[in-house]
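A.B. asks: Any chance you can model this:
(2 chains)
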Amino acid sequence: MRYSTRTRVLVALAVLVVLAAVALALSPFGAKVHAPKRTRPFLIGALNDSWGPTPQVAGLRDGLLALGYREGERFVIGVRFTQGDLAALPGAARQLVADGVDVIFADHDDAARAAQQVTTQVPIVFAMVGDPVGLGLIDTFAHPGANITGVADLHLELGPKRLDVFREIVPGLHRVLFPYHASDAYAAAEVRQLRLAAERLGIVLVERALRTQEEARAALAAVHHGEVDGILAPRCCALNIPGFVLEATQRGIPTMFETGFWVERGALAGYGQDFYHSGQMAARLVDKILTGTKPSEIPVEVNAKLEYVINLKVASALGLAIPREALYRADRLIQ
Amino acid sequence: MVAHRLSKLIVAGFLLAVALMSPHGTIAVEVGEQAPDFALPSTTGEQIRLSEFRGKKLVLLEFYGVDFAPTCVANLSARKADYQKFEELNIQILGISTNHPFSQKTLAESLQLPYPLLSDFPDLQVTQLYGGLSRNPVLVKKGIAERAFFLIDTHGMVRRKWIVTGGEDIVVSSEPLLKEARQIAGK
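C.D. replies: Next up, the predicted model:
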């Protein structure tokens, strides 16, 4: 069989193209470009004003594990906590940056703000922030700006509902103490929300601004039943206010928190965000950052998973008969 | 004769292999023995070698499980609270875990520990040599150390040891450690 000259030229060209492709694939220029293999795991610096790892940090860790990251090999989380001291947060954030962290995971707006103060380069992923735009942490949810993104929640919006739930489980609740850190911007926003809600619900909100841990300890230790009908704990761990509120439960005062974390430790009830879930959501954002997406291109997400928890053992100790409706509505009952 | 020696060798090799493969690690160091020397990265930013304290200080090795676990934090904090008493007895405290150095560093800074933490990550060799890994079947898979204490004298000899089996939830008071240390120091 004879082939035309045109056919032979075409076959020759095809063979050349194939050979060139093979050569290119085998050459250093044609080889698939691989990112340099990391010699160390990603370092994630978790920053908070708490007393150790929070449920959000546990959620972050478990979220990364679920995404296939191996702890110790692919990532390490170091928790830098300041034990209620907001003023120590910028220094702690600065140290994390000096340690060469790849991401700062900031619990609460104060930690996020501290991280923003010390770096415009290291990505910041926040969680447990109620109003990130209003607090000036981000530009918009869609385009957070600069080196920050995170998981917001509905804590501020849920303040009135929390007060309402508190009234539902404590019959005759009239005077509610709200202790808060006097110089914390977020606490100020909380107070404004609660003031309006209390007025609407016919509750007297006894506001108590606190400035030092000693003052907080003394003020809350002096609160006795009869003076107020219950205590609503603030979000912020600053000055260890939630810790002192918890102690008040043991003296017979009903206490309401925003999360089951405190209810498991002896508070009467909690209504608010599932913090562990916020951490899990943040893991996806951290994953995006570690795989090359800029934080400014990652929209802020909102954790709308809520949890209503009642500690029946505490209710019993306080002599409270929790209404049946509340028992039905609760997500968790601690026996 | 040769066959007999060979069979003894095989048996010895088998026993050694079993010991090495044991989840609790190799045979732990005993009281009266020379403490095996080691060098590990520490929260001071430098490697710390056990033998650098020989002839100078008693050493308390405190093996703990996990950075940030509440019980471990409570144990490390207990030693911080009694640090002055340990200092007065010329005792160097060294906390050791199988956690990554970065994790240990943030813990030490958060708690403002006055003594260093040493990282036995990722090899776990020092842990296996001393108290071993946790007897808890879940924790042993994660390579987590059993809570253990070793008091080593200035000659580098192990004088006391405490292995707190199932000690995940136990906070060990400094007092029994200090009491033994006083006896050794003759104070």
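
A.B. asks: Closest to the centroid, which residue in chain B?
C.D. replies: The structure's chain B has its C-alpha centroid closest to residue B:63; by CA atoms, centre = their mean the separation is 3.9 Å.

A.B. asks: ok, now how distant is that residue from residue B:49?
C.D. replies: 17 Å (CB to CB, to the nearest Å). All C-beta spots, glycine's among them, are computed from the backbone N, C-alpha and C.

A.B. asks: likewise residue A:170?
C.D. replies: Here the distance between residue A:170 and residue B:49 works out to 60 Å (CB to CB).

A.B. asks: Counting neighbours around each, name which of the two comes out higher.
C.D. replies: When neighbours are counted by other CB atoms under 10 Å in any protein chain shown, residue A:170 comes out ahead of the other of residue A:170 and residue B:49, with 21 against 12.

A.B. asks: so what's the more buried one closest to, chain neighbours aside?
C.D. replies: Using CB to CB, 6 or more residues apart in numbering or on different chains and skipping residues adjacent in sequence, the residue nearest residue A:170 is residue A:254, 4.8 Å away.

A.B. asks: Could you look up the SS state of residue 163?
C.D. replies: Unless you meant another one, I'm taking chain A. Of the three states, residue A:163 takes helix according to DSSP: H, G, I helix; E, B strand; the rest coil.

A.B. asks: let's do chain B instead
C.D. replies: The assignment at residue B:163 comes out as strand when based on three-state DSSP.

A.B. asks: ok, back up a step: could you give the number of residues near the residue nearest to residue A:170?
C.D. replies: As a burial measure, residue A:254 scores 24 neighbours (other CB under 10 Å).

A.B. asks: Tell me if I'm right that it and residue A:232 touch.
C.D. replies: No - the pair residue A:254 and residue A:232 does not pass the contact test of CB atoms under 8 Å, sitting 9.8 Å apart.

A.B. asks: what do these two both touch?
C.D. replies: Any residue near both residue A:254 and residue A:232 by CB atoms under 8 Å, 6 or more residues apart in numbering or on different chains counts here, and that gives residue A:166.

A.B. asks: What residues does chain B have near chain A?
C.D. replies: The interface of chain B toward chain A, taken as CB under 8 Å from any CB of the partner chain, is made up of B:67-68, B:70, B:73, B:100, B:102-103, B:105-107, B:109-110, B:121-122.

A.B. asks: Recalculate using a threshold of 6 Å.
C.D. replies: Taking CB under 6 Å from any CB of the partner chain as the criterion, the neighbours of chain A within chain B are B:68, B:100, B:102-103, B:106, B:110.

A.B. asks: And stretch A:151-161, what's buried?
C.D. replies: With burial defined by 16 or more other CB atoms under 10 Å in any protein chain shown, the residues of stretch A:151-161 counted as buried are A:151-156, A:158-160.

A.B. asks: hmm, who's touching that stretch?
C.D. replies: Contacts of stretch A:151-161 from elsewhere in the structure, counted by CB atoms under 6 Å, 6 or more residues apart in numbering or on different chains, are A:127, A:129-132, A:189, A:193-194, A:197, A:235, A:272-273, A:278, A:281-282, A:300-303.

A.B. asks: what does the model give the closest residue to residue B:119 other than its chain neighbours for pLDDT?
C.D. replies: Spatial nearest neighbour of residue B:119, chain neighbours left out: residue B:101 (4.3 Å); criterion: CB to CB, 6+ apart. The model reports residue B:101 with a pLDDT of 97.

A.B. asks: Now that residue B:101 has come up, it's in contact with residue B:117, right?
C.D. replies: No - with contacts defined as CB atoms under 6 Å, residue B:101 does not count as touching residue B:117, sitting 8.6 Å away.

A.B. asks: which one of those two has more residues nearby?
C.D. replies: Higher neighbour count among residue B:101 and residue B:117: residue B:117, with 28 against 19, using other CB under 10 Å.

A.B. asks: so where's chain B uncertain?
C.D. replies: Where chain B drops to pLDDT under 70, the residues are B:1-27, B:167.

A.B. asks: which residues touch whatever residue of it ends up closest to chain A?
C.D. replies: Going by CB to the nearest CB, chain A is nearest to residue B:106 of chain B, at 3.3 Å. Taking CB under 6 Å, 6+ apart as the definition of contact, the neighbours of residue B:106 are A:78-80.

A.B. asks: and of these, the nearest to chain B?
C.D. replies: Distance to chain B, by CB to the nearest CB, is smallest for residue A:78 among the contacts of residue B:106, at 3.3 Å.

A.B. asks: check contacts around the closest one.
C.D. replies: Taking CB under 6 Å, 6+ apart as the contact definition, residue A:78 lies against A:45, B:102-103, B:106.

A.B. asks: Can you lay out those residues as CSV showing distance to residue A:247 and secondary structure?
C.D. replies: Converted to CSV, those look like this (distance: CB to CB, whole Å; DSSP: H, G, I helix; E, B strand; the rest coil):
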residue, distance to residue A:247, secondary structure
A:45, 31, strand
B:102, 34, helix
B:103, 30, helix
B:106, 28, helix
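
A.B. asks: What's opposite the closest residue to residue A:188 other than its chain neighbours in the beta bridge?
C.D. replies: Nearest in space to residue A:188, with sequence neighbours left out and distances taken as CB to CB, 6+ apart, is residue A:180 at 7.9 Å. According to DSSP bridges, residue A:209 are recorded as the beta-bridge partners of residue A:180.

A.B. asks: what's the answer for residue B:95, then?
C.D. replies: The residues that residue B:95 bridges to, once DSSP bridges is applied, are residue B:62, residue B:117.

A.B. asks: now the strands: where do they sit in chain A?
C.D. replies: Ranges of strands within chain A are A:42-48, A:75-81, A:103-107, A:124-129, A:148-153, A:175-181, A:204-210, A:230-232, A:255-257, A:269-273, A:301-303, A:306-311, A:332-334, based on DSSP state E.
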